[in-house]
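Colleague: Whatever this is, show me its structure:
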Amino acid sequence: MRVLVRQHKIELTEDVRTRADQSLRFALGRFSPRIERVILRLTDLNGPRGGVDERCRIEVRLRPSGGLLVEDGDSSPSAAINRAADRAARAVRRRLDRERALVPLRARVTGWSDEDPTEDHPPARHAPQSRSAARLARATYTALPSSRCS
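Modeller: Next up, the predicted model:
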């Protein structure tokens, strides 16, 4: 996971850059195998006038599935970075949970996918049956006379 810190209309000290890197690595570290890069952009919206004007935008690029963009603001750069990092971690978790829910169990276990029609299909263990067909099959099986050897 590469972390890039950029600023616009604001001077960042090395201490703020280090804390931003640590905050992002702490918040997103558990997802690092799936994250290609993280870009943090810090902007001062009002300049020297003050107020809630520090805007932190975090772009997270996930390996197979694209990216996320999270934005948050506060009066200090550190608070804006921490809040945006927490929001980014929640957004990444939600995205990965959705992706896991969309992948069928068969594809996760066997690596087989329904999306590629040219792929050989694994043999079906049991053909899907309705309840009445299954009940009829059981009744037919039990109604057959047993073959005894005499």
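Colleague: for the protein, which helix is longest?
Modeller: Taking DSSP state H as the criterion, the chain has its longest helix at helix 77-102.
Colleague: Name the residues of that one that come out as buried.
Modeller: Residues of helix 77-102 classed as buried: Pro77, Ala80, Ile81, Asn82, Arg83, Ala84, Ala85, Arg87, Ala88, Ala89, Val92, Arg95 (neighbour count, 16 or more other C-beta atoms under 10 Å). (Glycine included, C-beta is placed from N, CA and C.)
Colleague: and if you look at stretch 22-31?
Modeller: Taking 16+ other C-beta under 10 Å as the basis for neighbour counts, the residues of stretch 22-31 that come out buried are Ser23, Leu24, Ala27, Leu28, Phe31.
Colleague: quick one: which of those residues sit in helices?
Modeller: Checking those against DSSP H, those in helices are Ser23, Leu24, Ala27, Leu28.
Colleague: what's the most distant pair in the residues you listed?
Modeller: Pairwise distances among those were taken by C-beta to C-beta; the largest, 9.3 Å, belongs to Ser23 and Leu28.
Colleague: joint contacts of those two?
Modeller: With contacts taken as C-beta atoms under 8 Å, 6 or more residues apart in numbering, Ser23 and Leu28 have Ala85 as neighbours in common.
Colleague: that older thread, pLDDT for the buried residues of stretch 22-31 - can I get that in a markdown table?
Modeller: Formatted as a markdown table, the entries for the buried residues of stretch 22-31 read as follows, by pLDDT from 0 to 100:
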| residue | pLDDT |
| --- | --- |
| Ser23 | 95 |
| Leu24 | 96 |
| Ala27 | 96 |
| Leu28 | 96 |
| Phe31 | 95 |
